[in-house]
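Q: Provide a 3D model corresponding to the input given below.
(chains A and B)
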There are 2 protein chains.
Amino acid sequence: MAARLLSGTRVAEAIRAEFLPAVAAFTAAAGRAPALSIVLVGDNPASQVYVRNKERAGAAAGLTVTIHRLPASTSESDLLALVRRLNADPACDGILVQAPLPHGLGKAAEQRVFDAIDPAKDVDGFHPHNVGLLVQGRATLAPCTPSGVIELLEREEIPMAGRRAVVLGRSEIVGKPMALLLLQRDATVTICHSRTQDLAARAAEADILVAAIGRPALVRRSFVKPGAVVIDVGINALTARQQVIDIFGEGSERLKSFDAKGSTLVGDVHPEVEHVAGCLTPVPGGVGPLTIAMLLKNTLAAASHRAPA
Amino acid sequence: MAARLLSGTRVAEAIRAEFLPAVAAFTAAAGRAPALSIVLVGDNPASQVYVRNKERAGAAAGLTVTIHRLPASTSESDLLALVRRLNADPACDGILVQAPLPHGLGKAAEQRVFDAIDPAKDVDGFHPHNVGLLVQGRATLAPCTPSGVIELLEREEIPMAGRRAVVLGRSEIVGKPMALLLLQRDATVTICHSRTQDLAARAAEADILVAAIGRPALVRRSFVKPGAVVIDVGINALTARQQVIDIFGEGSERLKSFDAKGSTLVGDVHPEVEHVAGCLTPVPGGVGPLTIAMLLKNTLAAASHRAPA
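A: All right, here's what the predicted structure looks like:
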């Protein structure tokens, strides 16, 4: 019995379809489109891809997307000056500084840059003020990946109230806000992490299991209660052929695709989980498209909040 | 086998003993004592008691404590004006608006009053900015009750890392920050609430169980894994004699005390849990004194942060 696949791509399409008239209405009322500024520092290849995807999706949805590309050698003060300029710019609604910043800046500087973003323009929802509002159940800008997961669960009519949800991972970007959002939907929530003992047993208690640890195919059959809903947030690029064989098997479609392209993506969930889960998000085509859809939604929300029609 | 009682009173004494020299050092350096302003609106009897206890403890610890008493009919704008005046007052380090505010003001107004407090003076740790910093593991002002519980666990050398912690209750003041603080100590944390199914079974999974639901003696023997650490955050006043008999028994010391005084306090944990828990905080004398100790500590922290020595 194979799990029902929850298509993030399809749900993201549905969100976009609802979103387009709202963008058009804002644009007509404000005399300009909602505007997203993305700051990209250095030449991290993954960041380049993410930013390009965000730019394309934003443009396709009728937003104005401006990319500010800065060299890896950019100083903290130059970066802060750019953020302050965007904060003050009335024609900028949303600001996204693509993480991670180059290592040379250091963690403290990275934090100061993120903290400098005006909370009203913080479309990633990372500013402490927005995080606090999220805890208190009154966020206007929530982190995109976990709020995309909630959208998926709601639109797929998967009940959360009273069910056990287990979140694997406690990052600021996914794990913690995911747990808080599930709690707000009245799930009984457990957060697991690297120090959790007997991780498989904890995961197997879940009616809804969210894997967000960034370890390829870590979640095996033993982690999953039969019939559970499994949300795979991991996006891990495999570049070693043997690893692809170990996970997907000799003669798999994935191995053929890997041999043609030199890499393939795998989530935190092993393919064998398809035979035990009730519902499962694929990778790619699961949570990824939802994250981008929610970023666009946050940009419109920030624009509408700043300049109410 | 009776549980080891964890005396909050004793730990609060230890905190105070460490705290006094720091207050003296601040006072000598700054030329004034750390100053706490408490705003008390209306005549809720419980609030009167809480504020008096905070005032006494603050004065005994060498702080300047000023109580601003306002009638229950005070308007939102008058309350906001007072908060802004205290925000701007260089001689005020900490501001505490005693909750709950009179019902007449309404929930939205109450929220606006709390939000108006300068986060740097927010010694209750309720401002969204401080809540966000708590989530991100960089709080300077954390809510007093859950941080008092952490102090107790640390000073009693109760390990948290890798252990299962279950928090009953998801309030902004206790449940949620408690879960976040336990998570930061590397516990595997589950948050339960009114919609949780089979609450007793969830609670019985805990190595560390924190009860913060405000229901007298709800946590029975069946909620507790033998040997677990049980922290009782509830402070419920019993005024019905039959309830005292039901919980403590005919001929109990508590019933005699009730008959003499007309009321008695009970936590969220039933007395029978003493026979199954490994460690237990009593009520009174458990979490209550710690909450006040942490409030004083937060006031000193706010003062030191505003005017570094």
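
Q: okay, buried residues for stretch A:5-18 please.
A: Neighbour counts over stretch A:5-18 (16 or more other Cβ atoms under 10 Å in any protein chain shown) mark A:6, A:7, A:8, A:11, A:12, A:15, A:16 as buried. Every C-beta, even on glycine, is put in place using the N, C-alpha and C of the backbone.

Q: restricted to helices, list those.
A: Using DSSP state H, the subset of the buried residues of stretch A:5-18 located in helices is A:8, A:11, A:12, A:15, A:16.

Q: ok, residue A:231 - contacts?
A: By Cβ atoms under 8 Å, 6 or more residues apart in numbering or on different chains, residue A:231 lies in contact with A:6, A:149, A:152, A:153, A:208, A:209, A:210, A:211, A:281, A:286, A:287.

Q: show me the contacts for the residue lying closest to residue A:71 once chain neighbours are set aside.
A: Sequence neighbours aside, residue A:42 is the residue nearest to residue A:71 in space, at 7.0 Å (criterion: Cβ to Cβ, 6 or more residues apart in numbering or on different chains). The contact partners of residue A:42, taken as Cβ under 8 Å, 6+ apart, are A:70, A:71, A:72, A:74, A:101, A:102.

Q: the residue lying closest to the fourth one once chain neighbours are set aside and chain B, how far apart?
A: It stands for residue A:74. Once flanking residues are discounted, residue A:74 sits nearest to residue A:41: 5.4 Å by Cβ to Cβ, 6+ apart. Counting by Cβ to the nearest Cβ, to the nearest Å, the separation of residue A:41 from chain B is 21 Å.

Q: report the contact partners of residue A:41.
A: A:70, A:71, A:72, A:74, A:79, A:97, A:98, A:101, A:102.

Q: mind pulling up the pLDDT for the residue in the stretch 201-309 of chain A positioned nearest to chain B?
A: Nearest residue of the stretch 201-309 of chain A to chain B: residue A:202, at 6.4 Å (Cβ to the nearest Cβ). Residue A:202 is assigned 98 on the pLDDT scale.

Q: please look at it and residue B:188 and confirm they touch.
A: Yes. Counting by Cβ atoms under 8 Å, residue B:188 is a contact partner of residue A:202 at 6.4 Å.

Q: so what sits against both of these two?
A: Joint contacts of residue A:202 and residue B:188 (Cβ under 8 Å, 6+ apart) are A:190, A:192, A:196.

Q: which bits of chain A sit near chain B?
A: Residues of chain A found near chain B (Cβ under 8 Å from any Cβ of the partner chain) are A:127-136, A:161-163, A:170, A:172, A:176, A:179-180, A:183, A:186, A:188-193, A:195-197, A:202.

Q: which of those count as buried?
A: A:127-136, A:162-163, A:170, A:172, A:176, A:179-180, A:183, A:186, A:188-193, A:195-196, A:202.

Q: narrow those to those in strands?
A: Members of those lying in strands (criterion: DSSP state E): A:188, A:189, A:190, A:191, A:192.

Q: how close does residue A:75 get to chain B?
A: Note on residue A:75: its distance to chain B, by Cβ to the nearest Cβ, is 23 Å.

Q: and what of residue A:125?
A: Separation of residue A:125 from chain B (Cβ to the nearest Cβ): 10 Å.

Q: I'd guessed that residue sits against residue A:141; true?
A: Yes. Look at residue A:125 against residue A:141 with Cβ under 8 Å: they come within range, at 4.6 Å.

Q: of those two, who's got more company?
A: Under the criterion of other Cβ atoms under 10 Å in any protein chain shown, the comparison of residue A:125 against residue A:141 puts residue A:141 first, with 28 against 25.

Q: can you give me phi and psi for residue A:238?
A: Main-chain torsions, residue A:238, degrees, to the nearest 10: phi -90, psi 130.

Q: and it, bridged to which residues?
A: Residues in a beta bridge with residue A:238, per DSSP bridges, are residue A:264.

Q: tell me, what's touching residue A:125 and residue A:141 both at once?
A: Residues touching both residue A:125 and residue A:141 (Cβ under 8 Å, 6+ apart): residue A:298.

Q: got the contact list for the residue nearest the centre of chain A?
A: Closest residue to the average C-alpha location of chain A: residue A:145 at 2.6 Å, with Cα atoms, centre = their mean. Counting by Cβ under 8 Å, 6+ apart, residue A:145 touches A:173, A:174, A:178, A:212, A:233, A:287, A:290, A:291, A:294.

Q: I'd say the fourth one and residue A:177 touch.
A: What that stands for is residue A:212. No. With contact defined as Cβ under 8 Å, residue A:212 does not reach residue A:177; the gap is 10.2 Å.

Q: more neighbours: these two, which one.
A: The neighbour comparison of residue A:212 against residue A:177 (other Cβ under 10 Å) goes to residue A:177, with 28 against 24.

Q: OK, contacts around that one?
A: With contact taken as Cβ under 8 Å, 6+ apart, residue A:177 is in contact with A:125, A:131, A:134, A:142, A:143, A:146, A:147.

Q: go with 6 Å
A: Residues near residue A:177 by Cβ atoms under 6 Å, 6 or more residues apart in numbering or on different chains: A:134, A:143, A:146.
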